[in-house]
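Colleague: Sequence and predicted model, in that order:
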Amino acid sequence: MHEVTTNERRNEIRRARYADMTAEQKSALLESYGLTKEKLAERARTRRALRTPEQRKEDSEKARNRYRGIYINETQEDRAKRRESNARFCALHPERRKEIKRKSRLKYTYGLTPEQYEELFRSQEHSCACCKSKSPGSKRGWHIDHCHATGMVRGILCHPCNLMIGNARDNEQILLDAVSYLAKHRKAEFRKEE
């Protein structure tokens, strides 16, 4: 059996006290430590980016188990009511549902808020970071390009550029080889025309 240490117990007490605080008390406590919501969000993004794929998988499993724990004692009747309520909301507010889904995908997949996404896109002058196209190139819209090893967001791309980088498996050498291949064949085409 695991022996509870003094530090673990102390942290447990601190978490319980923090959970009982009002929002004003929490923000006052954070300010006393020199922490703002922005600094905390930046810390969380950095921590998320530094995690290995195994750690990210473990975190998502923990989150799934927490979610399951909420609904584990739910009866069939309660589940039916909840699903009916969700379906009614989705039918009445399709745009709101779409916005909620987008926000949660941005946050949990990339660690971005909608404001950060918009700021990044504005810094790219509302165009693809790769080819500078003003069109997303597909019905699904713009793609968020990120490093698959670290999870860090690199930029916002149009559909063709996202496919190009994805098919190159984020390998610069493949892309450089493709450029030399195109250049070689362009020269051959130019010679044929002469």
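Modeller: Great, that's in hand. Numbering: from 1, shown residues only.
Colleague: burial count for residue 79?
Modeller: Per other C-beta atoms under 10 Å, the neighbour tally for residue 79 reads 11. All C-beta spots, glycine's among them, are computed from the backbone N, C-alpha and C.
Colleague: Wait, it touches residue 86, no?
Modeller: No: Residue 79 lies out of contact with residue 86 (C-beta atoms under 8 Å); the separation is 10.6 Å.
Colleague: In CSV, could you pull the C-alpha coordinates for the helix or strand bottoming out on mean pLDDT in the chain?
Modeller: Here the helix or strand of the chain ranked lowest by mean pLDDT, DSSP states H and E is helix 6-20, holding a mean of 73. C-alpha atoms of helix 6-20 as CSV (Å, rounded to 0.1, in the frame of the first residue of the first chain):
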residue,chain,number,x,y,z
THR,A,6,3.6,14.9,4.4
ASN,A,7,4.0,16.8,1.2
GLU,A,8,1.3,14.8,-0.5
ARG,A,9,-1.0,15.5,2.4
ARG,A,10,-0.1,19.2,2.5
ASN,A,11,-0.8,19.5,-1.3
GLU,A,12,-4.1,17.7,-0.8
ILE,A,13,-5.1,20.2,1.9
ARG,A,14,-4.0,23.2,-0.3
ARG,A,15,-6.1,21.8,-3.3
ALA,A,16,-9.1,21.4,-1.0
ARG,A,17,-8.8,25.0,0.3
TYR,A,18,-8.3,26.3,-3.3
ALA,A,19,-11.4,24.4,-4.5
ASP,A,20,-13.5,26.0,-1.7
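Colleague: Show me the contact partners of that helix.
Modeller: Residues outside helix 6-20 that contact it (C-beta atoms under 8 Å, 6 or more residues apart in numbering): 26, 29.
Colleague: Checking the nearest residue in space to residue 127 that is not next to it in sequence next. Helix, strand or coil?
Modeller: Once flanking residues are discounted, residue 127 sits nearest to residue 134: 5.1 Å by C-beta to C-beta, 6 or more residues apart in numbering. Under DSSP: H, G, I helix; E, B strand; the rest coil, the three-state class of residue 134 is coil.
Colleague: tell me the pLDDT at residue 134?
Modeller: On pLDDT, residue 134 comes in at 95.
Colleague: if I pick residue 90, what's in contact with it?
Modeller: Residue 90 neighbours (C-beta under 8 Å, 6+ apart): residue 97.
Colleague: again, only this time at 10 Å
Modeller: Contact analysis of residue 90 by C-beta atoms under 10 Å, 6 or more residues apart in numbering lists 96, 97, 98, 100, 101.
Colleague: For the fourth one, identify the helix or strand it belongs to.
Modeller: If I follow you right, that is residue 100. Here residue 100, judged by DSSP states H and E, is contained in helix 94-105.
Colleague: per-residue confidence averaged over that helix?
Modeller: In the prediction, helix 94-105 has an average pLDDT of 91.
Colleague: remind me which residues of the chain are low pLDDT?
Modeller: Scanning the chain with the threshold set as pLDDT under 70 gives 1-5, 69-70, 72, 190-194.
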